[in-house]
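Peer 1: Got a sequence here, can you build the structure:
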Amino acid sequence: MKLLLIEDEPALRNTLVEYLRQSGYVCEVAGSFEQAREKIKLYDYDCVVLDLTLPDGNGLDILRTLKADGSRSGVLIISARAALDDRLTGLDLGADDYLTKPFHLAELNSRLRAIIRRRQFQGHHHIAFRDLLVWPEQAEVFVREQPLTLTRKEYDLLLFLLANPNRVLTKEAIAEHLCGDAVDAADSFDFIYTHLKNLRKKLQEKGADNYIRTMYGVGYKLSME
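Peer 2: Residues are numbered from 1 along each chain as shown. This is a model prediction of the structure:
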């Protein structure tokens, strides 16, 4: 899953980024209001972790922008502001959750997983799609009850497809989701084809139907038919 962490305090930001990346997230960073506003205009995220107190603006205005733009991103506010009014304002504006600093990293991860489950997988702890069964919190995949071993990128690609069934995903969208900011330095998107080819091969070796469809000249789609 792809996150944007908006946090201006360097030590906390570095700690959170290291933890989230070790937990398997693609995590991009914004240390100011202007950086955050630029990123949410350019890129899509599964979830935004938002500090309210930024040196050059109010984090709530980032939340307002996300909602005004119709963003599908979940929003988890992290803030030293513990007052009830602040929590209610954030939640009323459309944030999914509010976590008061200081907090345990494990609790942050648990709340992020809960937001992503609610927003992308109807709150379920597992994802069932045709002959596939995925347990995201354990990063386990089964095809017709047989375990399937995937690389990290193949697994992330599969989850991205499962979160967007029957929706055409461009190569650019897939690359951005898998690599975050690093995609801007890519010479081509050939690596997407390689990951998709390997994922298809592994699925079909376990007897799965060919439901990852190529939409020539456009992108790829996980077909429900």
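Peer 1: buried residues in stretch 151-158?
Peer 2: Across stretch 151-158, burial judged by 16 or more other C-beta atoms under 10 Å covers Lys153, Glu154, Tyr155, Asp156, Leu157, Leu158. For every residue, glycine as well, the C-beta is placed using N, CA and C.
Peer 1: Just the closest of these to Ala139, please.
Peer 2: Closest approach to Ala139 among those (C-beta to C-beta): Tyr155, at 6.2 Å.
Peer 1: any idea how far that closest one is from Glu28?
Peer 2: 19 Å (C-beta to C-beta, to the nearest Å).
Peer 1: The buried residues of stretch 151-158 in strands, which ones?
Peer 2: Per DSSP state E, strands hold no members of those.
Peer 1: Which one of those is nearest to Leu50?
Peer 2: Of the buried residues of stretch 151-158, the one sitting nearest to Leu50 (C-beta to C-beta) turns out to be Asp156, at 22.8 Å.
Peer 1: Distance check, the closest residue to that closest one other than its chain neighbours against Tyr25.
Peer 2: Nearest residue to Asp156 in three dimensions, chain neighbours excluded: Leu178, at 5.7 Å (C-beta to C-beta, 6 or more residues apart in numbering). Note on Leu178: its distance to Tyr25, by C-beta to C-beta, is 12 Å.
Peer 1: And Pro147, by the same measure?
Peer 2: Taking C-beta to C-beta, one finds Pro147 at 23 Å from Tyr25.
Peer 1: the more surrounded of those two?
Peer 2: More crowded of Pro147 and Tyr25, by other C-beta atoms under 10 Å: Tyr25, with 22 against 9.
Peer 1: list the contacts for that one?
Peer 2: Neighbouring residues of Tyr25 by C-beta atoms under 8 Å, 6 or more residues apart in numbering: Met1, Lys2, Leu3, Leu112.
Peer 1: what's the nearest residue to the second one if we skip its chain neighbours?
Peer 2: When the adjacent residues along the chain are set aside, Lys2 lies closest to Val26, with 4.4 Å between them (C-beta to C-beta, 6+ apart).
Peer 1: quick one: secondary structure of the residue nearest to Asp156?
Peer 2: helix (DSSP: H, G, I helix; E, B strand; the rest coil).
Peer 1: any idea how the protein splits into domains?
Peer 2: As recorded under the TED database, the domains making up the chain are 2-121, 127-222.
Peer 1: Confidence-wise, which of those domains is weakest overall?
Peer 2: When the domains of the chain are compared on mean pLDDT, domain 127-222 scores lowest, with a mean of 86.
Peer 1: start to end distance for that one?
Peer 2: With C-alpha to C-alpha, to the nearest Å as the measure, domain 127-222 spans 14 Å from end to end.
Peer 1: and if you look at stretch 139-148?
Peer 2: One end of stretch 139-148 to the other measures 10 Å (C-alpha to C-alpha).
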